[in-house]
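Student: coords please:
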Amino acid sequence: MSTIKLSINNQQIEVPKGITVLQACEIAGLEVPRFCYHDRLKIAGNCRMCLVEIKGGPPKPAASCAMPAAENMVVFTDSPMVKKAREGVMEFLLINHPLDCPICDQGGECDLQDQAMAYGRGGNRFDENKRAVPDKYLGPLVKTSMNRCIHCTRCIRFMEDVAGVPALGAVNRGEDMQVTNFIEKGIDSEMSGNIIDLCPVGALTSKPYAFKARSWELQKVESIDVHDAVGSNIRVDFRGREVMRVLPRLNEDVNEEWISDKSRFACDGLKTQRLDRPMVRKNGRLEAVTWTEAYNAIAKRLKNVKGNKIAAIAGDMADVESMTALKALMEKMDSPNIDCRQDGAKIEAGARGSYLFNTTIAGIEQADAVLLIGANPRREAAIINARLRKRFVAGGLKVATIGPKIDLTFKVDNLGDSAAILEEIASGKHAFAKVLQEAKNPIIIVGAAAYTRKDGAAILNVASELAEKFGIVKDGWNGFNILHTAASRVGGLDIGFVPGKGGLDVEGILESAEKDSIEVVYLLGADEIDTAKLEHAFVIYQGHHGDKGAHAADVILPGAAYTEKNATYVNVEGRVQRTQLAVFPPGEAKEDWKIIVELADVIGESLNAESLKHVRDMMVKLAPHLADADTIKPAVFKKSGKKGKVQDTPIGHFFTNFYMTDVISRVSPTMAKCTEEFVKKSKKLDPREAA
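Tutor: The predicted structure is shown next:
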């Protein structure tokens, strides 16, 4: 990379050629104030706060965000000219800005407040009435107070460039300019909440969080999101025993600095319909009992039950520690009937390369051809969809999909919805085979709608053949990717939470329970199954919300949600990540691994695990890579699935409602409003599926 030399505040520095003066100042360690500039958005150059003086250049301050750095340029960021110019800009910004900081949710986190203190005059010479701008309706998530808007246009550029939903724009000019959505309706995007973080003032704030707390009242913990398999890095803000909000945390390799709306806003579901006391079904009704009574009720029912008549299913939000403990307990009871694939995925454990997103999320930016097989990343992994769009906008990417026609916010060629098209491509007869053949870094992404079908194993096998035939997997490049939808899935497969020798999978467990062949079923947060088939079985439900699994239970053991425990999750690309305890579980609820260890002691099958460290030691023995947090161990590709006939039938949608996919989001009042606004009102979807 070629470099240039320039002087900034009499300091000689060398910077990469092609960057702006503002970026050069940052490399030199100098702060340059800005409102409109953001390093992930296109340059607008309209706030003029980043003015600097350039010697030998124009006899006026220059906007550093839009000025390319040049060889031998002499820049000053603290000269009298710059100081006076910034004070003037700040004075103009404050002419019409309302003095409502005491009631503004941005108070304490406001760029305008901070920069007015650091770079402002300290007074205002204008006495005219302030401008009044009507507030805009942007949906149930984003609250507007457009009197505060300083026209930085960050929100407009984010929605167009990153989210790919051009819902916002500007009308009129000068003092009459307004940021608006033209037609008054909500922003139908899975990423809209990010404009709240981008807004440098209080014009756009969180509607669910409005007037709930002040930033300085909150304690903060760094954690991981578990509403999908991406593992977005988040910050949990809480006060007392209540989670107040969830914000994104910077991680260039995973979510950059964005999170999806479900990750951000579904946290209000953490205080709704919670399980906070152990319960046992007596005379057809669930009654609150002590932990000892609950454990004894299970021990009594398990007495004299053979291991092959006991089964366990792990849900989508189960952490690796609790699955490790439950696997150990089932082994002690000689039961091979365990499964973490409650959606019926035909993915096998063992070779990690056969079930990971091997390209990695950041690796998408090197791809030049993408084939989506039954995958809708916009609904199933909004952050991955944003990364695909980022690569598409950069140019030179061809994307095709096999499945229903979908809007991914960028151009996609739909090859049809029949799974049999995959065999056509593999045989070289289909036109897209040539695209894959000629691509330098092609990738295929197999989605849940494909691998959960009856012929899912055959689809995975053909996709593997495709990977071998067209150089999708080669030295230095692995383009074979499985797009999971559950946060627990990769971790469960890593530790082998799948049927043992002669064991039953989820489908087999449910069918056997219906026929009385399985007598006891342990549900570890498993709610996405047909619980009607469990009527004849004794059901133990361990989880944190009163969803379908709890309604079918004979014994309920209240567990902890992801914000209430120190736990390990492995994301879709195989990255080991850990949540941290922010608030304690409600009532008598406990951490999940602890419940299983205590139950094991009561039924006489001790796991010899007295602490989280002991359980993690067990976990690492099953999968040594789980010891290394925030790392990815590259996996060797191995053919996936089994040979068989791919059915010539349409691949459907896996999720019809992005906003309600798990026990937390299903009871979230905010997600309910989004469902009402964006799903039930849409004629594209069957209202029955939106419930």
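Student: ok, so what distance separates residue 410 from residue 38?
Tutor: Look at residue 410 and residue 38: by CB to CB, to the nearest Å, they are 21 Å apart. Every residue, glycine included, has its C-beta placed from N, CA and C.
Student: Residue 40: neighbour count?
Tutor: Neighbourhood size, residue 40 [other CB atoms under 10 Å]: 15.
Student: Quick check on it: phi, psi?
Tutor: Torsion angles at residue 40 (phi, psi; degrees, to the nearest 10) stand at phi -110, psi 0.
Student: One more: residue 413?
Tutor: According to degrees, to the nearest 10, residue 413 has phi -90, psi 120.
Student: Tell me the bridge partners for the closest residue to it other than its chain neighbours.
Tutor: With CB to CB, 6 or more residues apart in numbering as the criterion, residue 413 has its nearest non-adjacent residue at 4.4 Å, and that residue is residue 400. Applying DSSP bridges to residue 400 gives these bridge partners: residue 371, residue 413.
Student: residues touching residue 400, list them.
Tutor: Residues near residue 400 by CB atoms under 8 Å, 6 or more residues apart in numbering: 370, 371, 372, 412, 413, 414, 415, 432, 435.
Student: Hmm, residue 138 is touching residue 183, no?
Tutor: No. Residue 138 is beyond contact range of residue 183, at 11.5 Å (criterion: CB atoms under 8 Å).
Student: The two: which has the busier surroundings?
Tutor: Counting neighbours by other CB under 10 Å for residue 138 and for residue 183 shows that residue 138 has the greater number, 22 against 6.
Student: mind listing what that one touches?
Tutor: 144, 167, 181, 186, 187, 192, 204.
Student: ok, now residue 220?
Tutor: 235, 236, 237, 238.
Student: ok, 7 Å please
Tutor: 235, 237 (CB atoms under 7 Å, 6 or more residues apart in numbering).
Student: Begin at 677 from now on, thanks
Tutor: New numbering, starting at 677: the last item is residue 896.
Student: any idea which helix or strand carries it?
Tutor: Using DSSP states H and E, residue 896 sits within strand 895-900.
Student: Tell me which strands that strand pairs with, and in which orientation.
Tutor: Using DSSP bridges, strand 895-900 pairs in its sheet with strand 909-915 (antiparallel).
Student: Could you report the neighbour count for the nearest residue to residue 791 once chain neighbours are set aside?
Tutor: In this structure, residue 791 finds its nearest non-sequential neighbour in residue 709, 4.8 Å apart by CB to CB, 6+ apart. Residues contacting residue 709 under the criterion other CB under 10 Å number 19.
Student: Pull out the buried residues from the contacts of residue 814.
Tutor: Neighbour-count burial (16 or more other CB atoms under 10 Å) is assigned, among these, to 820, 843, 857, 862, 863, 868, 880.
Student: Now for the third one: which residues touch it?
Tutor: Applying CB under 7 Å, 6+ apart, one finds that residue 857 lies in contact with 812, 814, 843, 844, 863.
Student: ditto for the first one
Tutor: Contacts for residue 820 (CB under 7 Å, 6+ apart) come out as 811, 812, 814, 879, 880.
Student: Go through those and name the one nearest residue 1195.
Tutor: Comparing those against residue 1195 with CB to CB places residue 814 closest, at 52.9 Å.
Student: Quick one: classify the closest one as helix, strand or coil.
Tutor: coil (DSSP: H, G, I helix; E, B strand; the rest coil).
Student: What score does it have for pLDDT?
Tutor: pLDDT for residue 814: 94.
Student: Over to it: give its phi and psi.
Tutor: The phi/psi pair for residue 814 (degrees, to the nearest 10) is phi -110, psi 10.
Student: same thing with the one 10 residues further on?
Tutor: With angles defined as degrees, to the nearest 10, residue 824 sits at phi -90, psi -10.
Student: Burial check on it, number of neighbours?
Tutor: Neighbours of residue 824 using other CB under 10 Å come to 22.
Student: State the distance from the residue nearest to residue 1016 when sequence neighbours are not counted to residue 1053.
Tutor: In space, residue 1016 comes closest to residue 1168 once its chain neighbours are excluded; the distance is 3.0 Å by CB to CB, 6+ apart. Distance, residue 1168 to residue 1053, using CB to CB: 21 Å.
Student: before we move on, what about residue 716?
Tutor: According to CB to CB, residue 716 and residue 1053 sit 19 Å apart.
Student: ok, residue 1291 touching residue 1000?
Tutor: Yes. Assessed by CB atoms under 7 Å, residue 1291 is found in contact with residue 1000 at 6.0 Å.
Student: Which one of these two is surrounded by more residues?
Tutor: residue 1000 (30 against 25).
Student: So what's the residue count around residue 881?
Tutor: Neighbours of residue 881 (other CB under 10 Å): 20.
Student: quick check, it in a strand?
Tutor: Yes. Assessed by three-state DSSP, residue 881 belongs to a strand.
Student: circling back: pull the contacting residues for the residue nearest to residue 1016.
Tutor: Residue 1168 touches 990, 999, 1016, counting by CB under 7 Å, 6+ apart.
Student: Checking my notes, the second one in a strand, right?
Tutor: No. Residue state for residue 999 (three-state DSSP) corresponds to helix; a strand is not indicated.
Student: roughly how far apart are it and residue 1184?
Tutor: With distances taken as CB to CB, residue 999 is found 19 Å from residue 1184.
Student: what's the answer for the last one, then?
Tutor: Note on residue 1016: its distance to residue 1184, by CB to CB, is 14 Å.
Student: So for these two, which sits in the more crowded spot?
Tutor: residue 1016 (30 against 16).
Student: wait, doesn't that one sit right on residue 1164?
Tutor: Yes. With contacts counted by CB under 7 Å, residue 1016 reaches residue 1164, the gap being 6.2 Å.
Student: hey, what's in contact with both of those two?
Tutor: Shared contacts of residue 1016 and residue 1164, counting by CB under 7 Å, 6+ apart, come down to 990, 999.
Student: quick one: which of the buried ones among the contacts of residue 814 sit in helices?
Tutor: Nothing among those maps onto helices, per DSSP state H.
Student: In strands only, show me these.
Tutor: 820, 880 (DSSP state E).
Student: Kindly reformat the buried ones among the contacts of residue 814 as CSV containing distance to residue 905.
Tutor: Formatted as CSV, those follow (distance: CB to CB, whole Å):
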residue, distance to residue 905
820, 33
843, 27
857, 32
862, 26
863, 25
868, 21
880, 29
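Student: okay if I get the buried ones among the contacts of residue 814 as CSV plus distance to residue 973 and pLDDT?
Tutor: Formatted as CSV, the buried ones among the contacts of residue 814 follow (distance: CB to CB, whole Å; pLDDT from 0 to 100):
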residue, distance to residue 973, pLDDT
820, 53, 95
843, 53, 92
857, 55, 89
862, 47, 91
863, 49, 93
868, 47, 94
880, 51, 96
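Student: other SSEs contacting the longest helix belonging to the chain?
Tutor: Using DSSP H to define each element, the chain has its longest helix at helix 756-771. Applying 3 or more CB pairs under 7 Å, 6 or more residues apart in numbering; DSSP states H and E, one finds that helix 756-771 contacts strand 727-731, helix 787-795.
Student: Now do the end-to-end distance for stretch 1091-1109.
Tutor: 12 Å (CA to CA, to the nearest Å).
Student: what comes into contact with that stretch?
Tutor: 1047, 1049, 1076-1080, 1126, 1131, 1135, 1138-1139, 1141-1142, 1145, 1322-1327.
Student: same thing but 6 Å
Tutor: For stretch 1091-1109, contacts defined as CB atoms under 6 Å, 6 or more residues apart in numbering pick out 1076, 1078, 1079, 1080, 1135, 1138, 1141, 1142, 1322, 1324, 1326, 1327.
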